[in-house]
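Q: next one to model:
(chains A, B, C, D, E and F)
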Number of protein chains: 6
Amino acid sequence: MSENRFAPITGTVMPRYAGVATLMRLPYTPLTDERIRDVEIGLIGVPWDGGTTNRPGARHGPRQLRDVSTMVRNINRASGINPFELCNCADLGDTPVNPVDLNDSLNRITAFYTEVCRAGIVPLSVGGDHLVTLPIMRALAKGRPLGMVHFDAHTDTWNRYFGDNPYTHGTPFRRAIEEGLLDPKRTVQIGIRGALYNDSENDWGERQGIRVIDIDEFQAMGVDAVIDEARRVVGDAPTYVTFDVDALDPVYAPGTGTPEIGGLTTLEAQRMIRGLRGLHLVGGDVVEVSPPFDPSGNTALVGATLMFEILCVLADSIKRRR
Amino acid sequence: MSENRFAPITGTVMPRYAGVATLMRLPYTPLTDERIRDVEIGLIGVPWDGGTTNRPGARHGPRQLRDVSTMVRNINRASGINPFELCNCADLGDTPVNPVDLNDSLNRITAFYTEVCRAGIVPLSVGGDHLVTLPIMRALAKGRPLGMVHFDAHTDTWNRYFGDNPYTHGTPFRRAIEEGLLDPKRTVQIGIRGALYNDSENDWGERQGIRVIDIDEFQAMGVDAVIDEARRVVGDAPTYVTFDVDALDPVYAPGTGTPEIGGLTTLEAQRMIRGLRGLHLVGGDVVEVSPPFDPSGNTALVGATLMFEILCVLADSIKRRR
Amino acid sequence: MSENRFAPITGTVMPRYAGVATLMRLPYTPLTDERIRDVEIGLIGVPWDGGTTNRPGARHGPRQLRDVSTMVRNINRASGINPFELCNCADLGDTPVNPVDLNDSLNRITAFYTEVCRAGIVPLSVGGDHLVTLPIMRALAKGRPLGMVHFDAHTDTWNRYFGDNPYTHGTPFRRAIEEGLLDPKRTVQIGIRGALYNDSENDWGERQGIRVIDIDEFQAMGVDAVIDEARRVVGDAPTYVTFDVDALDPVYAPGTGTPEIGGLTTLEAQRMIRGLRGLHLVGGDVVEVSPPFDPSGNTALVGATLMFEILCVLADSIKRRR
Amino acid sequence: MSENRFAPITGTVMPRYAGVATLMRLPYTPLTDERIRDVEIGLIGVPWDGGTTNRPGARHGPRQLRDVSTMVRNINRASGINPFELCNCADLGDTPVNPVDLNDSLNRITAFYTEVCRAGIVPLSVGGDHLVTLPIMRALAKGRPLGMVHFDAHTDTWNRYFGDNPYTHGTPFRRAIEEGLLDPKRTVQIGIRGALYNDSENDWGERQGIRVIDIDEFQAMGVDAVIDEARRVVGDAPTYVTFDVDALDPVYAPGTGTPEIGGLTTLEAQRMIRGLRGLHLVGGDVVEVSPPFDPSGNTALVGATLMFEILCVLADSIKRRR
Amino acid sequence: MSENRFAPITGTVMPRYAGVATLMRLPYTPLTDERIRDVEIGLIGVPWDGGTTNRPGARHGPRQLRDVSTMVRNINRASGINPFELCNCADLGDTPVNPVDLNDSLNRITAFYTEVCRAGIVPLSVGGDHLVTLPIMRALAKGRPLGMVHFDAHTDTWNRYFGDNPYTHGTPFRRAIEEGLLDPKRTVQIGIRGALYNDSENDWGERQGIRVIDIDEFQAMGVDAVIDEARRVVGDAPTYVTFDVDALDPVYAPGTGTPEIGGLTTLEAQRMIRGLRGLHLVGGDVVEVSPPFDPSGNTALVGATLMFEILCVLADSIKRRR
Amino acid sequence: MSENRFAPITGTVMPRYAGVATLMRLPYTPLTDERIRDVEIGLIGVPWDGGTTNRPGARHGPRQLRDVSTMVRNINRASGINPFELCNCADLGDTPVNPVDLNDSLNRITAFYTEVCRAGIVPLSVGGDHLVTLPIMRALAKGRPLGMVHFDAHTDTWNRYFGDNPYTHGTPFRRAIEEGLLDPKRTVQIGIRGALYNDSENDWGERQGIRVIDIDEFQAMGVDAVIDEARRVVGDAPTYVTFDVDALDPVYAPGTGTPEIGGLTTLEAQRMIRGLRGLHLVGGDVVEVSPPFDPSGNTALVGATLMFEILCVLADSIKRRR
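A: Here you go, the predicted structure:
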């Protein structure tokens, strides 16, 4: 492991606002780069929002997170973790996508992540809308349904839209369960809230065994108890972490497609993610950052910082497993 | 009751961002429409801010809430209430107003609501500045002083401005008490805070018997105790709910005329409104949404969602009374 | 013809910012409404941007134009035309679309316009991205290739994107020519500019016979000569007018997907459209208004006003033909 | 004349963004200040928009122009005029107003300007909406109808709104003519455009003898010819200059209540105002700057710079008369 | 003490948005004004951000706080304190600065505050970036190291940047301790969080004896216990209060140079400041308000209100000492 | 020359909004990269605004231009030039700077450009404020004063600020002339306008022989004549092109530190730059793009497109010289 080659550029030498922007100021290392064989965690953008049924713009998420994540430093003050010392991290660039063809995009994304997995790299991604988690899982979960810690305002387990469309950002986890990529009994959804179209849609996930902790239960339990419950649900088998920024109250993340008021605070989210330390984590993502609806840029800052929080527990998990 | 005629258009057929925008995607049903006789709850805009002493713009509130309220779905996840199944709801359009004549506007608004009441329709309104609640009450409270649950940063019981002006958005509830429209002993004000001009103005309401729960007392009591206290104050007689969005901390509602820091969270507000279930509710409003000061649009989203929360308890209350 | 039923609501009675927003304050008259048989010009929204290869958001165009077009009054000061006196105009609402399926959307849009045409209504549309003009033309041009006056920064006659995708907002007019909907020899493109990917793509249209007046030739000729040339090209056969707001310099229309600096002024655009008076016009549209990229709202104002300018010459043309 | 006491603070000593903001960095000199007797030109704010029929916010104009006008330096590069050397200039603060009472506001404004005139001070004002010019003229034009050079998109000579309201920002000059404050035969209106409600309203002013140069005629004549025509109309008797920023195209001045596309450029406006040099000018104003609709702040910059241009010709005119 | 001369202008006579903007509507009283001898608390702007290593703009803080602080009234509802009755307060204007020379700026600022102290005036300042607190302390702490209650996301006790630069907004308190201006054992830092570059930098302050209460400890202790701890640390010797708005979560204060998510709420901040009542306070400041990054203006509102909160405990402290 | 290695990524394969953002999508090639020996034109960012006397933010210019310049395609439609075919172009990254030390920054910038020149690379830069042109010229003009085509609202030939500071963004060209880097007799300044502090400062440049074409003369001459005059002035000796975006009217470029109304249009600017084809060009820059003041992003789009226009004439000039 070469610390020097994969360390972020420090802000005391090159100002944090300067230079070519990469995710967390890591070296841009595409899959064709020979240094790729040393990469352990790959930070990846998925610039696509073709599954969005309401306000678009999440396709611009990776570009903006490259910009804003240059604000993040190295050491997590709360946990003491320096992920860049634990693992070789790099920005692998954006996956190929096709803005005008949904199915082609899903295939391109899966193909990219298949290569990433083949190279032995653990992916930490930034979307894109939440449908992008499905093609990621198709590459990641081959032959073994994953557990999942899922932060969101919505369950994303609906069935069909606009007639008979199976693929939108409201359906990825129903598809993932149907395809055997996701184990509903090892899935916990946190922060669920907002109004519904009908009751039956809503119950499907829980009927499969998903543990739904809606915002009212979250408030009643408190962060520590929710952490315990989430750890209990996913156990010690391979687990994926997915964070839809609309899990947060929209004051923290206005730049998203389907905001719902009354959500998590960032402090709660940070504490939750830190509480996942020690789980068997095999990947993660932050999705639904939509820059056109983010006039102050705070959504991107939140997205970048939560990506760093996930990176910390992910690097720690990988290090422990070796 | 015809469910079909007054159901909101569903977002799984027509995207929520599409179509002519009406309040909560309900059918636009002006008072002259023959379908009006079936309407039980009328959603009404009052596009007027002539009582505003500082930053204007609340006149644009109804238009923006028509746009943003199309984001709201049917079923309140927390309470299970689907207001559109309980009552026939419709968008009655905006009241007549006169942007350049305060007294004429008050009269036009009262005249409109008098017709609404005569048609047996319970009004749920969106302002407009807080002065609009006065002409609404003049129509609604004829012969019986109402109780009121009042969310606000300010008591709005001041007396005079700029010499001898009795009507501004800081005075409606003093006038309402003086006119016998509002029973101060059945009035509770929640979220009050901010600096004052003088003490005597401030005491007037409490001297009349209003129960003021300022933000410090609110924090000390907690949401559940405040709900209990509010229910105790208003009892089971007819009660109005008025929500000035400046009750919320301005991070949730920057788009308002006189923001005060240190306010309620939206989650607290939602839980408070849900706690009013079972009261004898006869109307409600959300006021002081000022789009020109709302760059991210979050104030409108909050306003629309709280309007839906009030609609749920209002529809439930009407259903119970029949 | 009933003038009263299809007149815009006047701003001296109901303030222009108030009321349910419809296109130019016209009565909302869906195809199922019985009044539809009296409508001569139908204002229609196409809330879809699935053909967009770069910045999305044009799906929100119709909603925002409903809001802002309430600023427009009745009589064109420059030409003296009052389109609402010449023809019965109505807002027909938005076409069905499918945000997650491009081909399904094209079919839904064509089906809607086929009904519109069958009802004898001349359509004036607001997009949506520029691909929406293709399904409109499929309904409108049955059996007779149309002429076209096309304002744009781009020729939109490219062939394929992202591998082999024939349908994007950069390809509609190549497809329209191939399908026999558009007569290239009666097509004039005005305002073309910006950098290119390659020369051959660019030449295709001109090789088919399209008359391209790029921005430099436009400046050299002057507005009056360009009007003459456009009239000469399209002649007196049926002609469609399509206005992509990126024809304008982006200071006038920043809210669009692919802005190019150095474009038309609004005054030039207004004069150009007025110069089309007397042509045989059979429809028109304004496309690529993308509200998320329009912080000041000026793009929508421009879009609404140019839509009114097109409405004036369209109504005049229809009136003359009867 | 004391140059030192009334000179703007220079930006090479105190940065232009620093310090208490006054109009053009002049000393704040209220009417009660003893230095007032030396003031020759008084810069005055009228923070009131109660005559606005559509989008409000011009009440915030004076505050924002105080901020932005600190960007202006001393010497007009084009004309060589340094107004601060020609006349003692001061910021007289804002007039009293009453945000909730139209008639009271008109009276307060007239009373303030009556004092200003009595002190022999020539007023240069910033609104506020355009109705504020009426009470200014009531103080300024006592006994002698003024000539006027009027830049605007609208004639502001309409008669009644919302029933029978004589006073709105669309009516001031009809009232001024009726009251004998304004001589229609020495009035020129420049930049008029936009759609109309009806023809008769529109003709009234021209029937009184006003010379209307609409935007098309302006373009056809060119700036120099319009200057000549304006000078011919007003002659050498006392003349007022009023500049509604909606005379400009809204790309230059989006922050205004009733924008109309296709307007003047700032360069045309600057050249027009410079062309008024040598007229007998007795006051001027810039109105309808509405900061809440001005996200980039350019409207305020334009307003402040045009106020400086008017100041230059006003100071020159005063100097010549002494 | 003359109440009249130093009272804020009341908003019931002059609207709060009107008039020349001074800090809290107090009379502008530069050091050269003869009334300066009666001033007890001087509100001062330091319009300088030359120590900023990332996003600039805090130089515009004083100007914007002058604007927004006109929203603040007289009496603190929570504590009952009316600071303007307790002490003569005035706006002393901005200090001299040099935007292009760091060392010259530090000297100019210290010189200004030396005069302020010599006049017996207690300073309450608004920055500017956090480096401005250093030159203030150089004037204020002559011969006696001060205690400090410091609200911030960062410790600002780093050593060097960009080679060997000792003065940036990340280093003021290391310098202050080295220079004997600040007593680390009577210093408490509240709200610290965010990622770090390295551990050793971070430990320096605590090794000197600073009591650091980071955000996790803050949450665990609760506001009341933190108040007790802060009071214990600073004791009853002279103490300075410095509030960097990035102590707050960026949803409350997006307009700042180095935001860190997961911070204090404004309500927590207000309660903390009120808890300092009775300490021996000798000055205070609010820093790092950066208007260019504050699209909704909420950061300025927060900054102005917290400045008022500090003013209340400062005036109370001064009154007690007399 | 290897076309493949230095070609921009095409938007028909990778969407233009996707991927790691580099200037014009060129390969990032720092000076330490071995491919640097093949680079002929180096695109370079100078992320520094320490010379700014008013509104800061230009330090963020390079980052934003990396983002927005991905919108630019390959072939200049107007001139037919494809600069990427003429020369090997690369993004060399940002120069080292020191945000808190002006002199250190000037030295670091000069050192970087000295290496660039030594490598035989022609620099095309993006600032940063206008002071950055001075250290660039110090590297570029060794031993031979350059000619210069200078677009700006200001002459930037002032002498001292804030006492005795010789280096600000208002002084670079006075210093450059004094240091023998710039030949005033081969210097033309285009677009100059705005108010002045005093006359003598203003005359200095013209007294040295600079040809100043202010905005009025520009309008009177027309673009073609100004091109001729500029070509005459600089002749066929080595010439630098510097474009301060405040040369443009602020509607095109609001995001800049010292905007002046009444400026150039982008179309005029584009035509001017194209008119420089065939000159002996040795470098160029675009400066004063300040993203924090650019809510719509248009300034960055303009900056990126003008940078492409300069690149076209620069590549053509280099190609001709070989």
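Q: hang on, residue A:312 in a strand?
A: No. Inclusion of residue A:312 in a strand is not indicated when DSSP: H, G, I helix; E, B strand; the rest coil is applied; the result is helix.
Q: the closest residue to it other than its chain neighbours and chain B, how far apart?
A: With CB to CB, 6 or more residues apart in numbering or on different chains as the measure, residue A:81 is the residue that lies nearest to residue A:312, at 4.2 Å, once sequence neighbours are left out. (Glycine included, C-beta is placed from N, CA and C.) Computed as CB to the nearest CB, to the nearest Å, the residue A:81 to chain B distance reads 30 Å.
Q: host element of residue A:81?
A: No secondary structure element spans residue A:81, as it lies outside all helices and strands (assigned by DSSP states H and E).
Q: skip the chain neighbours and tell me the closest residue to residue A:182.
A: In space, and not counting its chain neighbours, residue A:182 is closest to residue A:176: 3.9 Å by CB to CB, 6+ apart.
Q: which other residues reach the helix or strand hosting that neighbour?
A: When elements are defined using DSSP H and E, residue A:176 is found to belong to helix A:172-178. Outside helix A:172-178, the residues that touch it by CB atoms under 8 Å, 6 or more residues apart in numbering or on different chains are A:51, A:130-131, A:133-134, A:137, A:141, A:148, A:150, A:155-159, A:166-167, A:182, A:184, A:187, A:204-205, A:208.
Q: could you do stretch A:207-218 as well?
A: Counting by CB under 8 Å, 6+ apart, the neighbours of stretch A:207-218 from elsewhere in the structure are A:155, A:157, A:177, A:184-185, A:187-193, A:205-206, A:221, A:226, A:229-230, A:233, A:262-264, A:268, B:77-78, B:267.
Q: so which of the residues you listed belong to strands?
A: Cross-referencing the contacts of stretch A:207-218 with the strands (criterion: DSSP state E) gives A:184-185, A:187-192 as the overlap.
Q: tell me the residues of chain A that contact chain F?
A: A:14-15, A:17-22, A:28, A:45, A:47, A:59-60, A:62-63, A:66-67, A:91, A:93-94, A:96-97, A:99, A:295 (CB under 8 Å from any CB of the partner chain).
Q: which ones among these are found in helices?
A: Among the residues of chain A next to chain F, the members falling in helices (DSSP state H) are A:62-63, A:66-67.
Q: where does the residue nearest the centre of chain A fall, phi/psi-wise?
A: With the centre of chain A defined as its mean C-alpha position, the nearest residue by CA atoms, centre = their mean is residue A:285, 1.5 Å away. Main-chain torsions, residue A:285, degrees, to the nearest 10: phi -160, psi 160.
Q: need the contact list for residue A:22.
A: For residue A:22, the set of contacting residues under the criterion of CB under 8 Å, 6+ apart consists of A:28, A:66, A:91, F:20.
Q: tell me which element the closest residue to chain D within the stretch 101-250 of chain A is part of?
A: Of the stretch 101-250 of chain A, the residue with the smallest distance to chain D, taken as CB to the nearest CB, is residue A:250 at 20.4 Å. When secondary structure is defined using DSSP H and E, no element contains residue A:250, which sits outside every helix and strand.
Q: and residue A:257, by the same measure?
A: For residue A:257, there is no enclosing helix or strand under DSSP H and E.
Q: got a list of contacts for stretch A:311-322?
A: Outside of stretch A:311-322, the residues within contact range by CB under 8 Å, 6+ apart are A:24, A:40-41, A:43, A:76, A:79, A:81, A:83-84, A:86-87, A:89, A:122, A:124, A:241, A:273-274, A:276-281, A:283-284.
Q: can you select the buried ones from those in PyMOL?
A: The following PyMOL command selects only the buried members of the contacts of stretch A:311-322, with burial defined by 16 or more other CB atoms under 10 Å in any protein chain shown:
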select buried, chain A and resi 24+40+41+43+76+79+81+83+84+86+87+89+122+124+241+273+274+276+277+279+280+281+283+284
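Q: which ones among the contacts of stretch A:311-322 map onto strands?
A: Assigned to strands by DSSP E, the following of those qualify: A:41, A:43, A:89, A:122, A:124, A:241, A:281, A:283-284.
Q: returning to that earlier point: if any of the contacts of helix A:172-178 are buried, put those into a ChimeraX selection.
A: Selection of buried members from the contacts of helix A:172-178 for ChimeraX, criterion 16+ other CB under 10 Å:
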select /A:51,130,131,133,134,137,141,148,150,155,156,157,158,159,167,182,184,187,204,205,208
